[in-house]
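Asker: need the 3D shape of this:
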Amino acid sequence: MTKPQDKLRGWAAARRAILSGLRFTSLRLRLVVVFGLVALTAAVSASGIAYWLNREAVLTRTQDAVLRDFQQEMQNRAGALPAHPTQDELQHTAGQMAASSQRFSVLLVAEDGSGRTVVGNSGALDTFSLTDVPKSLRTAVGKEQSITSSNKYPYHLYWQRIIDGDKPYLVAGTKVIGGGPAGYMLKSLEPEEKDLNSLAWSLGIATGLALIGSALLAQAAATTVLKPVHRLGIAARRLGEGKLDTRLRVSGTDELADLARTFNHTAEALETRVADMSARDEASRRFVADMSHELRTPLTAITAVTEILEEELDAETGSIDPMIEPAVKLVVSETRRLNSLVENLMEVTRFDAGTARLVLDHVDIADQITACIDARAWLDAVDLDAERGIMSRLDPRRLDVILANLIGNALKHGGSPVRVSVRVSDNDGAGSDLLIEVQDHGPGIPEDVLPHVFDRFYKASASRPRSEGSGLGLSIALENAHIHGGEITAANSPKGGAVFTLRLPRDPSTLTEPSPDPNDANGNGEGA
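Answerer: Numbering: from 1, shown residues only. Model prediction:
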């Protein structure tokens, strides 16, 4: 059964996919939407104004014609009736009035000689009656107005538009001056309504066509605008990938053309600057490599001499003058330090030149760590927590360099005992990783120093720029971890002391395969 959490995760994934699709074409979508809204607003406004104007014109024209004809009929025919007509006279006159050119229904109301209200409509089949006339209209028609300078007649013509069912009508009424009958007229406006509906449909279709046309125009405009932007994005990505010879084809004199020219000038300046920096960096690396190689020859001779001097210091005969014995010891230690520095510099130049390669072998991690500790006489200062039988395919020499630097650094700055523990962790179903932790019991690493512990030649204390180390040990250890596809992190333990964690894949064989692109920096092993 599906859990609610699974449903929520499914909805979240779908929402992210939809938003990603919208973002992918967001600019195009916005252009189309803006064009569409502008066109829709303009079309709806124009259509609404046109419909309103035509509606008023059609209804006013029909209404004026009908009211004028009705008023004329009331004056000519209803005005000729006696003051107290009979029902037959009303019926006959109403029929004559309804036969006018406007074809409306007529209802005449009067009092006969006996004071009884009589009603006559325009035909036997006509259903127009007083109940169809709004009460307010009947009241207005029967009310006698006072004669003033601005009002010359006691009775006026009144009209009103009504809806009976779904059909519109025009109803009007007036009374003959001098005590004649009251007359009412009913005119259907259904033909005008049909004409107005046809006009509304036409305007709606025109609005839809305008909207479609605007969408097509927006699509064309978006394509025209976004194509150069798309090319610029591709060129920027290629530039970010290191292809500094990327250039855009410039055409036109608009803002996008200026942007392309600016991009080309920037790319050209960047290519020149990077080429200059690469040349200087290459010259610097070559200088360091050549210097290191040149130093090895005199260092070999100096090392041989210092070994002889050291043997003389250890000899029981005491052939060296006690006055110069401290100087001899200083020369021996500094020669060793210089020899270590040159070796480290040569190792660094191999990484920088991309010539460092892995020589993999199946090793037992516990045996490898024990051999590293034993070779440096650290057995009494290091506690090893590692099960035998944990096999990994690694470069034994480079692993020894990593361990020697991490353990040596812990003994130098944290003091003994140093604890080295080994465990294996799963890597999210993509194999397993080897984790080696080196923990000391010293004061730990200051927070401002932590981000720089792997920097080359970095000294934690500016007041002691000279020390036994070269400042390259941890940097070389990190490069050797990287060439394995691993990583080294430094942190402080909550219980005190610094903790260096080495994470290595148990089988980095794929990293020894040659890179398909010889210019790819990740193919040289350093950035693997």
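Asker: quick one: mean pLDDT over the helix or strand where Thr300 lies.
Answerer: Per DSSP states H and E: Thr300 is located in helix 255-314. Mean pLDDT, computed over helix 255-314, is 78.
Asker: for that helix, packing partners?
Answerer: With contacts taken as 3 or more CB pairs under 8 Å, 6 or more residues apart in numbering; DSSP states H and E, helix 255-314 sits against helix 190-240, helix 325-353. Bear in mind the C-beta positions are built from the backbone N, C-alpha and C, glycine included.
Asker: next, the angle from the longest one to helix 255-314.
Answerer: Okay, so that is helix 190-240. On the basis of axes from the mean of the first three to the mean of the last three CA atoms, to 10 degrees, helix 190-240 is oriented at 30 degrees to helix 255-314.
Asker: before we move on, the earlier item: can you lay out the helices and strands packed on helix 255-314 as JSON lines showing distance to Thr60 and mean neighbour count?
Answerer: As requested, the helices and strands packed on helix 255-314 are exported to JSON lines (distance: least, CB to CB, whole Å; neighbours: other CB atoms under 10 Å):
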{"stretch": "helix 190-240", "distance to Thr60": "10", "mean neighbour count": "14"}
{"stretch": "helix 325-353", "distance to Thr60": "92", "mean neighbour count": "16"}
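Asker: these into CSV, with extra columns for mean pLDDT?
Answerer: Compiled in CSV, those are given as follows (pLDDT from 0 to 100):
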stretch, mean pLDDT
helix 190-240, 82
helix 325-353, 73
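Asker: mind putting those in CSV, distance to Leu313 included?
Answerer: CSV is the format used below for those (distance: least, CB to CB, whole Å):
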stretch, distance to Leu313
helix 190-240, 59
helix 325-353, 6
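Asker: which residue packs closest to Asp440, ignoring adjacent ones?
Answerer: Spatial nearest neighbour of Asp440, chain neighbours left out: Gly414 (2.5 Å); criterion: CB to CB, 6 or more residues apart in numbering.
Asker: now Ile159: which helix or strand?
Answerer: I think there's a mix-up here, since residue 159 is Trp and not Ile. Per DSSP H and E, Trp159 falls inside strand 158-164.
Asker: give me the mean pLDDT for that strand.
Answerer: Strand 158-164 shows a mean pLDDT of 86.
Asker: for stretch 366-379, same thing?
Answerer: For stretch 366-379, the per-residue pLDDT averages 90.
Asker: and what of stretch 122-139?
Answerer: Averaging pLDDT along stretch 122-139 gives 79.
Asker: list the buried residues of it.
Answerer: Buried residues in stretch 122-139, counted by 16 or more other CB atoms under 10 Å: 122, 128, 133, 137-138.
Asker: distance between the ends of it?
Answerer: In stretch 122-139, first residue to last residue: 22 Å (CA to CA, to the nearest Å).
Asker: likewise stretch 359-369?
Answerer: Using CA to CA, the end-to-end distance of stretch 359-369 comes out at 18 Å.
Asker: name the residues that touch it?
Answerer: The contact list for stretch 359-369 (CB atoms under 8 Å, 6 or more residues apart in numbering) reads 384, 386-397, 399-400, 403, 420, 422, 434, 436, 508-509, 512.
Asker: of those residues, which belong to strands?
Answerer: 384, 391-394, 420, 422, 434, 436 (DSSP state E).
Asker: one step back: got TSV for the buried residues of stretch 122-139, with distance to Ser150 and secondary structure too?
Answerer: Putting the buried residues of stretch 122-139 into TSV (distance: CB to CB, whole Å; DSSP: H, G, I helix; E, B strand; the rest coil) gives the following:
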residue	distance to Ser150	secondary structure
Ser122	35	coil
Phe128	34	coil
Val133	28	coil
Leu137	23	helix
Arg138	25	helix
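Asker: my guess is the residue nearest to Asp440 contacts Gly408, does it?
Answerer: No. Gly414 is beyond contact range of Gly408, at 10.8 Å (criterion: CB atoms under 8 Å).
Asker: which one's more surrounded, these two?
Answerer: Ranked by neighbour count (other CB atoms under 10 Å), Gly414 and Gly408 place Gly414 first, with 21 against 18.
Asker: distance of the more buried one from Gly442?
Answerer: Counting by CB to CB, to the nearest Å, the separation of Gly414 from Gly442 is 3 Å.
Asker: what is in contact with those two at once?
Answerer: The contact sets of Gly414 and Gly442 overlap at 497-498 (CB under 8 Å, 6+ apart).
Asker: quick check: which element contains Asp245?
Answerer: Applying DSSP H and E as the criterion places Asp245 outside every helix and strand.
Asker: how many other residues sit next to the residue nearest to it when sequence neighbours are not counted?
Answerer: Nearest non-adjacent residue to Asp245, counting by CB to CB, 6+ apart: Glu271, 6.6 Å away. Glu271 has 16 neighbours, counted by other CB under 10 Å.
Asker: what of Pro446?
Answerer: Residues lying near Pro446 (other CB under 10 Å) number 10.
Asker: helix, strand or coil for it?
Answerer: coil (DSSP: H, G, I helix; E, B strand; the rest coil).
Asker: from Leu29, how far off is it?
Answerer: Separation of Pro446 from Leu29 (CB to CB): 52 Å.
Asker: would you agree Ala410 falls within a helix?
Answerer: Yes. The assignment for Ala410 is a helix, going by three-state DSSP.
Asker: got the contact list for it?
Answerer: Ala410 touches 418, 438-440, 442, 498, 500, counting by CB under 8 Å, 6+ apart.
Asker: now, which of those lie within helices?
Answerer: If you go by DSSP state H, the contacts of Ala410 have nothing in helices.
Asker: which among these gets closest to Arg231?
Answerer: Proximity of these to Arg231 (CB to CB) peaks at Phe500, which lies at 47.8 Å.
Asker: residues contacting the closest one?
Answerer: Phe500 sits next to 406, 409-410, 437-439, 488-490 when contact means CB under 8 Å, 6+ apart.
Asker: quick check, nearest of the contacts of Ala410 to Leu248?
Answerer: Using CB to CB, the contacts of Ala410 come closest to Leu248 at Phe500, 47.7 Å.
Asker: what about that closest one, distance to Leu406?
Answerer: Per CB to CB, Phe500 is found 5 Å from Leu406.
Asker: now do the shared contacts for those two.
Answerer: Overlap between the contact sets of Phe500 and Leu406, as judged by CB under 8 Å, 6+ apart, is given by 438, 488.
Asker: now Ser425: which helix or strand?
Answerer: Taking DSSP H and E as the definition, Ser425 sits inside strand 418-426.
Asker: tell me the mean pLDDT over that strand?
Answerer: Rounded mean pLDDT across strand 418-426 is 88.
Asker: give me the helices and strands touching that strand, please.
Answerer: Here strand 418-426 touches helix 365-375, strand 382-385, helix 396-413, strand 432-439, going by 3+ CB pairs under 8 Å, 6+ apart.
Asker: buried set for that strand?
Answerer: So strand 418-426, judged by 16+ other CB under 10 Å, has buried residues 418-420, 422.
Asker: got the contact list for that strand?
Answerer: 365-366, 369, 373, 378, 381-387, 390, 403, 407, 410-411, 432-441, 506.
Asker: go again with 6 Å.
Answerer: 365, 382-386, 407, 410-411, 432-433, 435-440 (CB atoms under 6 Å, 6 or more residues apart in numbering).
Asker: mind listing the strands for the stretch 51-200 of the chain?
Answerer: Taking DSSP state E, counting those that start in this stretch to define them, one finds strands in the stretch 51-200 of the chain at 105-111, 117-121, 158-164, 167-175, 182-188.
Asker: buried ones among the ones in strands among the contacts of stretch 359-369?
Answerer: The buried subset of the ones in strands among the contacts of stretch 359-369 (16+ other CB under 10 Å) comprises 392-394, 420, 422, 434, 436.
Asker: Arg506 and Ile402, how far apart?
Answerer: Remark: distance between Arg506 and Ile402 (CB to CB) = 15 Å.
Asker: give me the more crowded residue out of those two.
Answerer: Ile402 (28 against 16).
Asker: identify the residues contacting that one.
Answerer: The contact partners of Ile402, by CB under 6 Å, 6+ apart, come to 477, 480.
Asker: swap in the one 3 residues further on?
Answerer: Going by CB under 6 Å, 6+ apart, Asn405 touches 473, 477.
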